[in-house]
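Undergrad: below: sequence and its predicted model.
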Amino acid sequence: HTQCTLSTTTRPLHIMNIFRLIGDLLHLFSILLLIAKITRTRSCAGLSLKTQELYAIVFITRYLDLPTNFVSYYNTMMKMFFIGSSVYIVYAMRQKYMASYDKDLDVWRKRFLIIPCAILAIFFPEQYSLMEILWTFSIFLEAVAIMPQFFLLIKKGKAESVTRDYMAALGGYRAFYVLNWIWRYFTEGFFHYQVFIAGIVQTALYGEFLWKYVRYDLAKRYELVH
């Protein structure tokens, strides 16, 4: 999965590096972990449907070029996985396990994220074409799509271990993608300001959660030892 070269054929191809590979694997792991949690427990308690719907919008708008732009088998398979898995998660939460959904806690309004991201995408695309605007929109939206999940956990006051692991894996994915962008800047001269700004915002949002996650995990380990 790449964010920077999958939207149009006008984008230069870039070489896989270890930071991007680890980031992709963490992203893949986070989604598989979430699907396993939902199917094993037959419950979506503690998960924000709105966050998952926003992720589905992110991947669909980003990878609309799937039928027309072949980069590599890896690239194509990752596109298909992220679209398919995000749609499945929304379907599972809306249809199969809706009874367990914390609707009263998932109160963040999606339009407060979608509309600003759409406006930014219209005014700050790399090129003025429909595909580029949609790609830019997906980059900005992914940066803030986790906010309904954060808000739900704040209102709930706790998170299950699987949910914490899912969000920690997502945070790790973003951290390694920041390293990927830094590496590419120095080795390829790569720089897309939309990607860097969105990446910094998203990494900052995960920062506090990851710090609390580590502190909680260390506290639990201390309790077990003593």
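TA: Structure's in. What do you need? Residues are numbered from 1 along each chain as shown.
Undergrad: give the burial count for Ile18, as a bare number.
TA: As a burial measure, Ile18 scores 11 neighbours (other C-beta atoms under 10 Å). The way it works is simple: take the backbone N, C-alpha and C, and place the C-beta from them, glycine included.
Undergrad: tell me which helix or strand the residue nearest the centre of the chain sits in.
TA: In the chain, the centroid-proximal residue (C-alpha atoms, centre = their mean) is Glu142; its distance is 5.5 Å. Following DSSP states H and E, the helix or strand that holds Glu142 is helix 130-144.
Undergrad: for that helix, packing partners?
TA: The elements that helix 130-144 packs onto, with contact taken as 3 or more C-beta pairs under 8 Å, 6 or more residues apart in numbering; DSSP states H and E, are helix 49-62, helix 111-123, helix 193-225.
Undergrad: circling back: doesn't Thr203 make contact with the residue nearest to the centre of the chain?
TA: No: between Glu142 and Thr203 there is no contact under C-beta atoms under 8 Å: 11.8 Å.
Undergrad: now Phe81: closest residue in space that isn't a chain neighbour?
TA: Leu28 (7.3 Å; C-beta to C-beta, 6 or more residues apart in numbering).
Undergrad: which helix or strand contains the one you found?
TA: Secondary structure (DSSP H and E) places Leu28 in helix 18-41.
Undergrad: what average pLDDT does that helix get?
TA: For helix 18-41, mean pLDDT rounds to 95.
Undergrad: and the angle from that helix to helix 49-62?
TA: Interaxial angle of helix 18-41 relative to helix 49-62 (axes from the mean of the first three to the mean of the last three C-alpha atoms, to 10 degrees): 130 degrees.
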